[in-house]
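Visitor: please work out how this folds:
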Amino acid sequence: MEPFAKIWVDSGILHLDSPFDYSVPQSLSAKTQVGVRVQVPFNGREVEAIVLERLSSTQTSGVIKEISKVLSIHPVATSTTLQLIKDVSIHWACNPLDIVRSAIPPRVASIDKLFQSHEITQKQSKRFIGPDCFVAFEPAENPVDQCVDAILGNTEHGTVLVIAPDEHDVDALCQRLQEMKLQYIRLDSSLSRSERYLNFLMILDSSGTIVVGARSAVFAPIRNLACVIMYKESSYDHYEKRSPGWNVRDVLTLRSKLEDFRRIYMGYVPSLDISLLIERKEIKYISHSHQLHVKTFSSGEGALLPGRIFQDIRKALVKGPVLFLVPRKGYGNALLCANCKNVAICSCGSRLAVMGKGGVPMCSICSTTYPEWSCSWCQSKKQYLASRGIDRAGEEISRAFPGYPLFLSFGDVIKKDVEDRPALVLATPGSAPKVKGGYAAVVILEGLKFFAHTDLRSQERARELFFEVAAMARFQGAILLSIDEGHPITSSIVRWSPGAMIRRELTERSELGLPPFAASVVLMADAKEITVIADGFRKAVTEGRLPNELRIFGPNAEGEGKAKIVIYIQRDRRAEVALFVHELARRRSIAKKAFLTIKFDSYSL
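Guide: Below is the predicted model:
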């Protein structure tokens with residue numbers, strides 16, 4: 001075999017991110033294959049590395065060091081996987097080893113010794129089996145069952161990979177596959193280190209199976225990959241929390257350029273990124289029309305339950321449980337003077353809140369209590385809770401509908417399911433328990449507050465939430481919204497089609513040059529340095545080293561002596577900016593300057 005190998009070395013140094021050439025001792029030659037982990041001497045110490053390719057010659061001048069040992073005979077990556085990792089590192093302007101840590105689980109020596117690989121005969125099947133599409137979940141149906149239907153529709157062509165946003169969703173999918181006696185391999189961080197590594201090796205060593213995992217599974221080196229299903233596509237959990245902040249959707253786009261497979265995105269409402277591709281006819285939108293029973297109730301006086309809603313709730317309670325979705329947990333999250341509506345403020349400048357029934361006003365920052373609180377403006381002692389949490393909402397709702405059991409689901413106290421009998425069920429977003437057959441009615445309280453967040457994904461997130469909760473009503477169940485009658489979410493749910501809302505938001509984003517029409521990058525560093533960095537970017541634009549269309553916002557303080565700048569650039573010029581940012585990070589590393597936090601295309605801004 002070739003006497004040299006090109007290797008990625010886990011040096012831990014940002015600017016040493018290029019591959020290095022090493023010679024391969026004859027005794028290790030047979031084991032030193034592409035994707036195998038090896039140990040090499042580097043900068044006076046022994047470090048782990050991964051083999052990219054074997055070489056017949058090297059361009060490196062001087063002494064070529066030898067590989068010290070082969071750590072595992074099992075390849076943990078294919079040449080395609082390694083190319084994907086390289087492409088992702090370029091796209092997100094980072095060291096490839098940052099991506100390797102997400103893509104390949106840590107080695108477990110005991111598993112290496114026990115695992116026996118075998119020869120795989122590749123199936124000869126049609127690789128591209130249909131158009132890439134977004135499949136909208138149906139109301140009053142279990143989304144897990146709809147996902148399993150999509151899996152079964154593609155398994156005959158090869159391996160199907162399902163990427164779910166979190167452990168709860170992975171559990172639900174695996175449980176359904178078990179009930180149907182379907183074989184699958186699980187790959188997510190809920191597994192022990194040994195189980196995860198074993199399953200990873202099994203994926204490499206199998207073909208024509210089902211793989212279910214969380215976001216890192218997007219890199220899984222699967223043979224004969226036929227289809228990838230991105231379950232609950234718009235979820236925040238499809239974005240890597242650690243730097244460099246890659247996301248599943250964009251990694252799939254890069255992977256599709258290296259392999260032929262079908263992409264199926266699933267959810268109640270597509271993200272704006274996928275919606276743009278649907279509008280451009282690059283992705284097919286699959287949904288069925290429905291006519292749902294939706295009523296809206298305005299609450300101009302600030303009451304939790306608008307007056308006309310009581311009758312519909314009572315009718316539903318005769319038939320089964322009623323779900324109430326409330327915006328937040330806690331008790332009273334904003335205290336006002338009942339007389340003049342002046343906001344109650346602590347001496348430190350923060351707002352006061354009431355933490356429980358009969359509780360005294362307390363500062364949410366410094367925890368100072370005000371047992372004898374009075375308004376600083378009009379001196380009235382009468383309190384008004386302008387922002388109710390789930391605890392306070394539970395008190396009001398149980399008083400309004402006495403005689404029914406009350407269940408709360410929020411925070412660390414989440415109920416998985418409730419019985420199909422008359423009851424009051426209160427939940428915060430993402431915490432609603434399931435009920436067999438669906439709820440007799442679902443009530444979304446203080447609806448405008450779900451749309452009132454300031455980040456760029458707030459409208460998208462609220463749409464998805466409203467559709468998801470509406471789908472929990474049983475067939476012919478009531479959907480009751482405490483929101484202005486003219487709000488477009490009402491007609492969208494009635495027709496089970498968010499298209500009009502999405503098209504309007506896309507038009508606004510296009511006019512303003514915001515994502516998804518623009519790419520973004522957030523740079524964070526010490527406040528003293530970030531101004532110099534921002535000036536450097538502006539100078540690079542003036543000198544023609546960066547596109548004129550580049551827009552720089554900030555610096556903005558982030559606390560603890562940190563500050564950030566936000567940069568927008570047209571999508572087709574993103575690669576130029578990524579190269580520039582990567583070179584900036586490399587030069588700072590060489591100069592031994594403080595680490596620069598870089599995030600391209602964050603979940604939200």
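Visitor: alpha carbons only for contacts and neighbour counts from here, please
Guide: Noted.
Visitor: which residue packs closest to residue 548, ignoring adjacent ones?
Guide: Nearest residue to residue 548, sequence neighbours excluded (Cα to Cα, 6 or more residues apart in numbering): residue 541, at 5.7 Å.
Visitor: how many neighbours does residue 497 have?
Guide: Neighbour count of residue 497, defined by other Cα atoms under 10 Å: 20.
Visitor: how about the one 4 residues further on?
Guide: A count of neighbours around residue 501, defined by other Cα under 10 Å, yields 17.
Visitor: how close does residue 360 sit to residue 369?
Guide: According to Cα to Cα, to the nearest Å, residue 360 and residue 369 sit 7 Å apart.
Visitor: residues touching the residue nearest to residue 9 when sequence neighbours are not counted, list them.
Guide: Distances taken as Cα to Cα, 6+ apart place residue 49 nearest to residue 9, at 4.4 Å, with adjacent residues excluded. Taking Cα atoms under 8 Å, 6 or more residues apart in numbering, we find residue 49 in contact with 7-10, 37-40.
Visitor: pLDDT score for residue 49?
Guide: At residue 49, the model reports a pLDDT of 96.
Visitor: all helices of the stretch 1-150 of the chain, in order?
Guide: Ranges of helices in the stretch 1-150 of the chain, per DSSP state H, counting those that start in this stretch, are 79-91, 96-103, 109-114, 143-152.
Visitor: parallel or antiparallel, list what pairs with the lengthiest strand in the chain.
Guide: Longest strand of the chain, by residue count under DSSP state E: strand 45-55. Sheet pairing of strand 45-55 (DSSP bridges) gives strand 4-9 (antiparallel), strand 37-42 (antiparallel).
Visitor: now mean pLDDT, distance to residue 398 and mean neighbour count too, for the ones you listed, in CSV please.
Guide: Shown next, in CSV, are the strands paired with strand 45-55 (pLDDT from 0 to 100; distance: least, Cα to Cα, whole Å; neighbours: other Cα atoms under 10 Å):
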stretch, mean pLDDT, distance to residue 398, mean neighbour count
strand 4-9, 95, 62, 24
strand 37-42, 96, 61, 20
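Visitor: reformat the ones you listed as a markdown table; add distance to residue 374.
Guide: Shown next, in a markdown table, are the strands paired with strand 45-55 (distance: least, Cα to Cα, whole Å):
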| stretch | distance to residue 374 |
| --- | --- |
| strand 4-9 | 64 |
| strand 37-42 | 68 |
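Visitor: verify the stated contact: residue 270 with residue 133.
Guide: No - using Cα atoms under 8 Å, residue 270 is not in contact with residue 133, being 10.6 Å away.
Visitor: which one's more surrounded, the two?
Guide: A side-by-side neighbour count of residue 270 and residue 133, using other Cα under 10 Å, places residue 270 first with 26 against 21.
Visitor: what about the closest residue to the more buried one other than its chain neighbours, how many neighbours?
Guide: Of all residues not flanking residue 270 in the chain, residue 234 sits nearest, at 6.4 Å (Cα to Cα, 6+ apart). Neighbours of residue 234 under the rule other Cα under 10 Å: 26.
Visitor: wouldn't residue 234 be in contact with residue 267 here?
Guide: Yes - at 7.1 Å, residue 234 and residue 267 qualify as touching, with contact defined as Cα under 8 Å.
Visitor: and the pLDDT at residue 129?
Guide: For residue 129, the pLDDT comes out at 65.
Visitor: now the one 10 residues further on
Guide: In this prediction, residue 139 carries a pLDDT score of 95.
Visitor: OK, contacts around it?
Guide: Each residue near residue 139 by Cα under 8 Å, 6+ apart is listed here: 470-473, 475.
Visitor: who wins on neighbours among those?
Guide: When neighbours are counted by other Cα under 10 Å, residue 470 leads these with 29 neighbours.
Visitor: quick one, phi psi at it?
Guide: Taking degrees, to the nearest 10, you get phi -60, psi -30 for the backbone angles of residue 470.
Visitor: which ones are touching it?
Guide: 139, 442, 479, 493.
Visitor: as CSV, these with distance to residue 87 and secondary structure would be great.
Guide: Converted to CSV, the contacts of residue 470 look like this (distance: Cα to Cα, whole Å; DSSP: H, G, I helix; E, B strand; the rest coil):
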residue, distance to residue 87, secondary structure
139, 39, coil
442, 45, strand
479, 46, strand
493, 40, helix
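Visitor: look up phi and psi at residue 316.
Guide: Main-chain torsions, residue 316, degrees, to the nearest 10: phi -70, psi -40.
Visitor: wait, isn't it in contact with residue 443?
Guide: No - using Cα under 8 Å, residue 316 is not in contact with residue 443; the gap is 10.7 Å.
Visitor: burial count for residue 264?
Guide: When neighbours are defined as other Cα under 10 Å, residue 264 has 23 of them.
Visitor: nearest spatial neighbour of residue 225, skipping sequence neighbours?
Guide: That would be residue 159: by Cα to Cα, 6+ apart, it lies 4.8 Å from residue 225.
Visitor: tell me how many other residues surround residue 416.
Guide: Look at residue 416: counted by other Cα under 10 Å, it has 11 neighbours.
Visitor: burial count for the nearest residue in space to it that is not next to it in sequence?
Guide: Nearest non-adjacent residue to residue 416, counting by Cα to Cα, 6+ apart: residue 433, 4.7 Å away. When counting by other Cα under 10 Å, one arrives at 20 neighbours for residue 433.
Visitor: who touches residue 433 in this structure?
Guide: Per Cα under 8 Å, 6+ apart, neighbours of residue 433: 409, 414-418, 427.
Visitor: for residue 551, same thing?
Guide: For residue 551, the contact set (Cα under 8 Å, 6+ apart) comprises 567-569.
Visitor: got it, and residue 478?
Guide: The contact partners of residue 478, by Cα under 8 Å, 6+ apart, come to 293-295, 312, 316, 440-442.
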